[in-house]
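sequence unavailable; structure follows:
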């Protein structure tokens with residue numbers, strides 16, 4: 001799932017849209033192939049959010065559920 005609300009167009013923030021899509025495709029592939037159970041990507045440049053995407057499933061409340069943009073992750 002990829003959020004679009006509140007995002008700046010990549011080129012307006014100086015981010016190459018093709019490279020951004022390449023990054024998101026690689027993360028999506030890593031989840032779909034089973035290398036990662038889930039992933040959440042946020043990319044900002046110059047204080048402007050250009051991408052926010054969530055992929056896969058995560059254990060929430062003891063159950064495996066689809067990851068959403070509101071899913072909280074523990075970061076180590």
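Okay, I see it. Nothing here was measured: the structure is a model prediction, and the numbers come from that model.

CA atoms for contacts and neighbours, from now on please.
Will do.

quick one: furthest residue from the center of this protein?
Going by CA atoms, centre = their mean, the residue of the chain most distant from its centre is residue 62, 22.8 Å out.

ok, residue 17 - contacts?
Residue 17 makes contacts with 10, 11, as judged by CA atoms under 8 Å, 6 or more residues apart in numbering.

check it and give its pLDDT.
Residue 17 carries a pLDDT value of 97.

show me the helices in this protein, by range?
17-32 (DSSP state H).

on that earlier part again, the residue farthest from the centre of the chain and residue 8, how far apart?
Distance of residue 62 to residue 8, computed by CA to CA, to the nearest Å: 35 Å.

check residue 37 too.
From residue 37 across to residue 8, the span is 28 Å (CA to CA).

go on, residue 71?
In terms of CA to CA, residue 71 sits 22 Å off from residue 8.

what's the burial count for the nearest residue to residue 64 once chain neighbours are set aside?
Excluding its sequence neighbours, the residue lying closest to residue 64 (CA to CA, 6 or more residues apart in numbering) is residue 58, at 5.4 Å. When counting by other CA atoms under 10 Å, one arrives at 19 neighbours for residue 58.

doesn't residue 40 make contact with residue 58?
No - using CA atoms under 8 Å, residue 58 makes no contact with residue 40, being 10.9 Å away.

need the pLDDT of residue 60.
For residue 60, pLDDT reads 83.

tell me the spacing between residue 6 and residue 42.
From residue 6 to residue 42 the distance is 12 Å (CA to CA).

okay, and the common contacts of those two?
Among the neighbours of residue 6, those also in contact with residue 42 (CA under 8 Å, 6+ apart) are residue 49.

how about stretch 53-63: buried residues?
Along stretch 53-63, these residues count as buried under the neighbour rule (16 or more other CA atoms under 10 Å): 53, 54, 55, 56, 57, 58.
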